[in-house]
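Asker: attaching a predicted model along with its sequence, questions to come.
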Amino acid sequence: KKPINGRDTTMFESLVLSILNRYLGAYVVGLNRDQLSVGVWQGDVQLGNLNLRKDALRSLNLPVDIKVGFIGRLTVKIPWSQLRSKAVIIEIHDLYMVLGPSRVGDADADAEEEAFIAAKEAELQAKEAKDQETASQESSTLLDLIMDNIHVVINNLHMRFEDTLSHPEHPFAAGVRIELLESQAADSAWNASYVSAAQTQAYRKLNLVNFSTYWDTDCTLFATQIEQVDLRAFLQQIAETMPRSKYLLENVNGSAYLRRSKAYEENDVGLDLAIDLGAIPLSIDHLQFADITMFLRWLGAQQAKRHARHQLHTMVRWCRPEFKPREASVTEKKACLREWWRYLIRGGKLWERRERGAHFVVDKEYLTSHCSWKESYVSLWVKQLTTPTLLPAEKSELSRIEHKLSAEDILHFRELAQVEVDGSPARLEAARRLRDEKRQQELAASTWYGWWFGSRASTPQTVEVDVADAIRPTAEQRAALLAAVQQRRRVNGHVSRDHISRRISFSLKSGTLLFRQGAVRDAGLCRDLAKLECSNLNFSFSERPGMRGFSVDINLDGLLVRDLLTAHSNFKDLVGPRRASLANPPRRRSSPFVMVGPLVEVPVAEPFLQAEFSSYKTEHLRQFSLSLKLQPLDIVLNKHLAALILDLFTTPPAAP
């Protein structure tokens, strides 16, 4: 290995592996040096053939698991010497995954406990980062620059969901394919650019190329042949041979434009997101609709079961034993078994009372334990705020109590401890002094890039430095990043009534929805029934925190429903704007068409639909305003076609 700045690249690779394992470990299976290619001089870190963890999506709290998945190549390009003038680039190539539903019974108690602890820790960390109101100017500026200019590219994404549980007689597969998804910094003209620290506006552009989603009923599932078929080859074959009739959306392109104000201006929008899509061709048949309905019904039932299990776990986890019988010693095994039986019986009794309608269940033992935990935790946290270190026994007791408590209880007890500190001048001064010392220590290590190129501060060469901790963002850096994202616009604690904190706009040049009827499920034959077409759809949502309200604006230039089923019809347009009257409209005694409204010539100069809705809260009342303007319509009723379309959206019966 060629030494760099007196350091061997082997150590650098080990450092990169430890950091990647720390931040990617929740999503990919353990990394090793064979998968890593480090171009130190170019600032490139490349990983290949990363297998995704089966529980990588567990944080979404959905009954979905990854059956198999991998990332073909992950590249991170870091311009170490030019972080203030060039962007960090993250490239992901060939992201493939096959998902599947997970039953409620598939999650054991240990997994639920781990998920509960992870969610609690995430909530506590977010609260701690939010409470850090001051940060180093140097570190916050660098972090802002990196995040404002980070360039992310995802090439060739294919995510497939296979289900055999919601509709066992007719298994289906739904998938999403994206050829390119790119996000990069831009200038005010939305050209690729670098956002400097002096700019008050940060711009970001997102490009989407060839987004498609399909729904394949009664198809061949990859889950049944995982051992025999290569995932990449299987998904590539699906993309090449999938019939067009299976696609709900096909080859949609679009762009999103994000503008974020970095300095408060009363007449400026804090966060402005504009989404521009050229055309969206939607299509659906009654077989796909039946599968979607059955899946949503099954998903709702699974979510209800998960919620019930979570409630039970929350009610009894405080008395859950810390050790399992197999982990206890021989002398403690009997007592450990007794504690687990006590835990099981208590949980069953509490749940039985809950099921009988006793939604408020009082447990005297829990109340006694909770009061004891409160006194101990507040006392220990006061000491944590005012002394440099806790004794090992005190740290262990603090950790044990936090394991028992929920995030809400922990935050409440910490607030009580802060009140005690604020009420004592001596404790308040000790806490301030300790906080200043920690801040100085963090500032000394905040310029993590200085480790590589040399820091301004002189550091003795004999001192051992934990490089991983130096590179890891500090609490102040995380707080600055969170504050930049949230962007709370306040001037002396006051927000202008007219100030728009967030605005989201959506524009669609043209959209179509094709209704199909599958003649035979097994054969997959379809016939087109009707097509709904709309043009120039504009949607806008604005939030005004000063008025504690929001507004929604919708404009639609044109709407048309065409008959694709009836041959030789004089009324192909079933729904549309009024048109010129016909000279001699056909009158057939057996005609299935019924005219609604006269046909008169109405010039179309305004949008077909204009809608405005707003809601604002005054001191005592909430006010609502709704404005709706619709141009005259021609409606032709084809009884036979209407019956077929209604049958398409008929909800299938629930499984017994």
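Answerer: Received it, and whenever you're ready, just let me know what you need. Numbering: from 1, shown residues only.

Asker: how about the secondary structure of Lys438?
Answerer: For Lys438, the assignment made with DSSP: H, G, I helix; E, B strand; the rest coil gives helix.

Asker: give me the pLDDT for it.
Answerer: On the pLDDT scale, Lys438 is placed at 76.

Asker: how close does it get to Ala431?
Answerer: Plainly put, Lys438 is 11 Å away from Ala431 if you go by CB to CB, to the nearest Å. (C-beta placed from N, C-alpha, C; glycine too.)

Asker: Ser102 now?
Answerer: Distance of Ser102 to Ala431, computed by CB to CB: 46 Å.

Asker: what's the distance between the residue nearest to Arg244 when sequence neighbours are not counted and Arg177?
Answerer: Spatial nearest neighbour of Arg244, excluding adjacent residues (CB to CB, 6 or more residues apart in numbering): Glu250 at 6.8 Å. Taking CB to CB as the measure, Glu250 falls 9 Å from Arg177.

Asker: between those two, who's got more neighbours?
Answerer: With neighbours defined as other CB atoms under 10 Å, Glu250 and Arg177 compare such that Arg177 has more, 22 against 18.

Asker: I'd say that one and Asn155 touch.
Answerer: No - at 11.9 Å, Arg177 and Asn155 do not qualify as touching, with contact defined as CB atoms under 8 Å.

Asker: biggest helix in this structure by residues?
Answerer: If you go by DSSP state H, the chain has its longest helix at helix 286-316.

Asker: burial of the closest residue to Ser166 other than its chain neighbours, as a residue count?
Answerer: Using CB to CB, 6+ apart and skipping residues adjacent in sequence, the residue nearest Ser166 is Trp298, 3.5 Å away. For Trp298, the neighbour count with other CB under 10 Å is 18.

Asker: ok, Arg160 next?
Answerer: When neighbours are defined as other CB under 10 Å, Arg160 has 25 of them.

Asker: what's the closest non-adjacent residue to it?
Answerer: Excluding its sequence neighbours, the residue lying closest to Arg160 (CB to CB, 6+ apart) is Gly175, at 4.1 Å.

Asker: you'd agree the one you found is in a strand?
Answerer: Yes - the assignment for Gly175 (three-state DSSP) places it in a strand.

Asker: hang on, the earlier thing: more crowded one of Lys438 and Ala431?
Answerer: Using other CB under 10 Å as the criterion, Lys438 and Ala431 rank with Ala431 on top: 19 against 14.

Asker: pLDDT value on that one, please?
Answerer: Ala431 is given a pLDDT of 86.

Asker: could you do Ile554 as well?
Answerer: Looking at Ile554, its pLDDT stands at 95.

Asker: bridging residues for it?
Answerer: Beta-bridge pairing of Ile554 under DSSP bridges involves Phe539, Ala611.

Asker: list the contacts for it?
Answerer: 537-540, 609-612 (CB atoms under 8 Å, 6 or more residues apart in numbering).

Asker: pull out the buried members of those residues.
Answerer: The neighbour count (16 or more other CB atoms under 10 Å) marks 537, 539-540, 609, 611 as buried among the contacts of Ile554.

Asker: what's the most distant pair in those?
Answerer: Within the buried ones among the contacts of Ile554, Ser540 and Leu609 form the most distant pair, 13.9 Å apart (CB to CB).

Asker: picking that back up, mutual contacts of Glu250 and Arg177, please.
Answerer: Among the neighbours of Glu250, those also in contact with Arg177 (CB under 8 Å, 6+ apart) are Ser212.

Asker: partners of Val98 in the sheet?
Answerer: Beta-bridge partners recorded for Val98 (DSSP bridges): Val68, Arg160.

Asker: that one and Ser212: what is the separation?
Answerer: From Val98 over to Ser212 (counting by CB to CB), the distance is 17 Å.

Asker: looking at the two, which is more packed in?
Answerer: A count of neighbours by other CB under 10 Å puts Val98 above the other of Val98 and Ser212, at 23 against 18.

Asker: would you say the residue nearest to Arg244 is within a helix?
Answerer: No - counting by three-state DSSP, Glu250 is not part of a helix but strand.

Asker: thinking it is in contact with Leu282, fair?
Answerer: No - judged on CB under 8 Å, Glu250 makes no contact with Leu282 at a distance of 9.5 Å.

Asker: which helices and strands does the one helix or strand Ser255 maps to pack with?
Answerer: Assigned by DSSP states H and E, Ser255 falls within strand 247-261. Here strand 247-261 touches strand 201-217, strand 271-285, going by 3 or more CB pairs under 8 Å, 6 or more residues apart in numbering; DSSP states H and E.

Asker: for it, buried residues please.
Answerer: For strand 247-261, the neighbour count (16+ other CB under 10 Å) marks 247-250, 252, 254-261 as buried.

Asker: go on, stretch 378-391?
Answerer: Residues 378, 380-386 are the ones in stretch 378-391 that count as buried (16+ other CB under 10 Å).

Asker: with stretch 173-188 instead?
Answerer: Buried residues in stretch 173-188 (16+ other CB under 10 Å): 173-175, 177-179, 181-186.

Asker: could I have that stretch exported to CSV, CA atoms only?
Answerer: What follows is stretch 173-188, C-alpha atoms only, in CSV (Å, rounded to 0.1, in the frame of the first residue of the first chain):
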residue,chain,number,x,y,z
ALA,A,173,-46.7,-9.4,-8.7
ALA,A,174,-46.4,-5.6,-8.8
GLY,A,175,-43.2,-3.8,-9.7
VAL,A,176,-41.6,-0.5,-10.2
ARG,A,177,-38.9,0.2,-12.7
ILE,A,178,-36.8,3.4,-13.0
GLU,A,179,-34.2,3.9,-15.6
LEU,A,180,-32.6,7.0,-14.0
LEU,A,181,-33.3,9.1,-10.9
GLU,A,182,-30.9,12.0,-10.4
SER,A,183,-30.8,14.8,-7.8
GLN,A,184,-28.3,17.6,-8.0
ALA,A,185,-27.7,21.2,-7.1
ALA,A,186,-28.7,23.9,-9.6
ASP,A,187,-28.7,27.7,-10.1
SER,A,188,-31.7,30.0,-10.4
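
Asker: report the rounded mean pLDDT for it.
Answerer: Here the average pLDDT along stretch 173-188 is 92.

Asker: now swap in stretch 47-56 and tell me
Answerer: Averaged over stretch 47-56, pLDDT sits at 83.

Asker: with stretch 276-295 instead?
Answerer: Per-residue pLDDT over stretch 276-295 has a mean of 87.

Asker: quick one: contacts of stretch 389-402?
Answerer: For stretch 389-402, the external contacting residues (CB under 8 Å, 6+ apart) are 322, 373, 376-377, 380-381, 383-384, 410.

Asker: which of these lies closest to Thr220?
Answerer: Closest to Thr220 out of those is Glu322 (47.5 Å), distances taken as CB to CB.

Asker: got the angle for the longest helix of the chain vs strand 271-285?
Answerer: 130 degrees (axes from the mean of the first three to the mean of the last three CA atoms, to 10 degrees).

Asker: tilt between helix 286-316 and strand 247-261?
Answerer: Angle, helix 286-316 to strand 247-261, by the same axes, to 10 degrees: 50 degrees.

Asker: helices or strands up against whatever helix or strand comes next after helix 286-316?
Answerer: Later in the chain than helix 286-316, the nearest helix or strand by DSSP H and E is helix 333-355. Applying 3+ CB pairs under 8 Å, 6+ apart, one finds that helix 333-355 contacts helix 286-316.

Asker: circling back to that earlier point, so who does the residue nearest to Arg160 touch?
Answerer: Gly175 neighbours (CB under 8 Å, 6+ apart): 158-161, 213-214, 216, 238.

Asker: ok, it to Ile238 distance?
Answerer: In this view, Gly175 and Ile238 are 7 Å apart by CB to CB.

Asker: which residues do the two both contact?
Answerer: By CB under 8 Å, 6+ apart, Gly175 and Ile238 have these common neighbours: 158, 160.

Asker: and for Thr650, the neighbour number?
Answerer: Neighbour number of Thr650 under other CB under 10 Å is 11.
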